[in-house]
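Student: Provided below for reference: sequence and predicted model.
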Amino acid sequence: MRADDALARPLFLQPAVLALVMLGGAVGTAARAVLADAFPVSDGAWPWATFGVNVAGSFLLGLLVALVAVRGGRSGAWRLVRPALGAGVLGGFTTYSAFAVEVDRLLGGGSVGLGLAYAGASVVGGVLAAALGVLAGGGVPAPRSGEAGS
């Protein structure tokens, strides 16, 4: 296969992009693990580490989507930023599975009110954080043609 053939593939099928996503995923997962170790959750307590990474990750994903859209994410280095940081780093950083397990533990452990509050706050907080990220990223001006990064 020629190099031109590899570049003609959809972005998600290009080996270099897949490698960036995997590397980013490892970085994001490691960052989440560090935070989970720094803020361990006790039985029946609010899972602050998972809540924090999911809300922060939602904000950062919203910001990234807006920045890529404003900057023209289909060309130049920007076309690699979205998969590397979005699917990779932030995909590894955020966690639905830990969120689901923690809600189940709270509900099953008799902390029904806390479990429902955690589930609701996580969903609402994530949506609001993503919206704020999009708003924050939408304020970034696109580079003029001929400037670096365009």
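Tutor: Noted; the coordinates are in hand. Numbers count the residues shown, from 1 in each chain.
Student: can you give me the strands in this protein?
Tutor: Counting by DSSP state E, the chain has no strands at all.
Student: residues near the nearest residue to residue 116 once chain neighbours are set aside, how many?
Tutor: Take residue 116 and drop its neighbours on the chain: the residue closest to it by C-beta to C-beta, 6 or more residues apart in numbering is residue 107, 7.6 Å away. C-betas here are computed from N, CA, C, even on glycine. Residue neighbour count, defined by other C-beta atoms under 10 Å, stands at 16 for residue 107.
Student: tell me, what's the model's pLDDT at residue 107?
Tutor: Per-residue pLDDT puts residue 107 at 97.
Student: go on, residue 47?
Tutor: 97.
Student: OK, contacts around it?
Tutor: 41, 98, 99, 102, 118 (C-beta atoms under 8 Å, 6 or more residues apart in numbering).
Student: before we move on, back to that, just checking, the residue nearest to residue 116 touches residue 118?
Tutor: No: counting by C-beta atoms under 8 Å, residue 118 is not a contact partner of residue 107; they are 9.4 Å apart.
Student: can you pull out the helices in this protein?
Tutor: Listed in chain order, the helices of the chain (DSSP state H) span 3-8, 15-38, 48-71, 78-81, 91-93, 96-108, 112-138.
Student: could you check how far the fifth one is from the centre of its chain?
Tutor: Same thing as helix 91-93. Relative to the centre of its chain, helix 91-93 is centred 5 Å away, using C-alpha atoms, centre = their mean, to the nearest Å.
Student: contacts made by it with the rest, please.
Tutor: By C-beta under 8 Å, 6+ apart, helix 91-93 touches 21, 24-32, 53, 56-57, 60.
Student: what about the residue nearest the centre of the chain, distance to residue 11?
Tutor: Against the mean C-alpha coordinate of the chain, by C-alpha atoms, centre = their mean, the closest residue is residue 90 at 2.8 Å. Separation of residue 90 from residue 11 (C-beta to C-beta, to the nearest Å): 17 Å.
Student: and residue 92, by the same measure?
Tutor: Relative to residue 11, residue 92 is positioned 19 Å away (C-beta to C-beta).
Student: which one's more surrounded, the two?
Tutor: residue 92 (22 against 14).
Student: with adjacent residues omitted, what lies nearest to that one?
Tutor: Leaving aside its sequence neighbours, residue 92 is closest to residue 28 (2.9 Å, by C-beta to C-beta, 6+ apart).
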